[in-house]
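*Asks:* Please work out how this folds:
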Amino acid sequence: MKVAFVTSTGTAIDANFVTSKSFTVWDIEPDEAYIAHTIRIRDEIGGKDDRTAVRADALCDCVIVCAREISGPASAKLVARGIHPLKTGANTPVEEIIGRLQHVLRGPHAPWLRRARFKDLHDDDGDGHIRR
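*Replies:* This is a model prediction of the structure:
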């Protein structure tokens, strides 16, 4: 699954979602993780809502976005796009979050993670069975 980290150093989640200029995207699986690419956000003119929408749209292929701070409205925009926001509240090593996510991926998935990992799949008839 693709996970975006808000990091200015590449090693710690250390910035606010709305003011970030780049996101490091990792591909994380139960037994491996690697940097897939970096998304750079150009300076844009507009209000906070515009900045949030630009960032959320740029991260549309990610399952989770990890930031030190994510506001309620920004979280809502991410959730509306099928992206799970994860707020650390403090500078946190990227490797620590990757390890935690890998631990979760090795076990039975929580419902939100199952939906997030398979967001490109859909349940046409509402019976809970995921179909392509």
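
*Asks:* any low-confidence regions in the protein?
*Replies:* The chain contains residues with pLDDT under 70 at 43-49, 109-112, 114-132.

*Asks:* please redo it, this time with the cut-off set to 50
*Replies:* Residues of the chain meeting the criterion pLDDT under 50: 120-132.

*Asks:* can you map out the strands along it?
*Replies:* 2-5, 12-13, 22-29, 32-40, 64-67, 84-87, 92-93 (DSSP state E).

*Asks:* Format those as JSON lines; extra columns: distance to Arg100.
*Replies:* Any C-beta I mention is one placed from the backbone N, CA and C, and that applies to glycine too. Below are the strands of the chain laid out as JSON lines (distance: least, Cβ to Cβ, whole Å):
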{"stretch": "strand 2-5", "distance to Arg100": "11"}
{"stretch": "strand 12-13", "distance to Arg100": "12"}
{"stretch": "strand 22-29", "distance to Arg100": "10"}
{"stretch": "strand 32-40", "distance to Arg100": "11"}
{"stretch": "strand 64-67", "distance to Arg100": "10"}
{"stretch": "strand 84-87", "distance to Arg100": "10"}
{"stretch": "strand 92-93", "distance to Arg100": "10"}
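
*Asks:* which residues in the chain form helices?
*Replies:* For the chain, the helices defined by DSSP state H cover 48-58, 72-80, 94-106, 111-117.

*Asks:* mind giving me JSON lines with the ones you listed and columns for distance to Ile13 and mean neighbour count?
*Replies:* Shown next, in JSON lines, are these (distance: least, Cβ to Cβ, whole Å; neighbours: other Cβ atoms under 10 Å):
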{"stretch": "helix 48-58", "distance to Ile13": "15", "mean neighbour count": "16"}
{"stretch": "helix 72-80", "distance to Ile13": "15", "mean neighbour count": "16"}
{"stretch": "helix 94-106", "distance to Ile13": "6", "mean neighbour count": "15"}
{"stretch": "helix 111-117", "distance to Ile13": "18", "mean neighbour count": "14"}
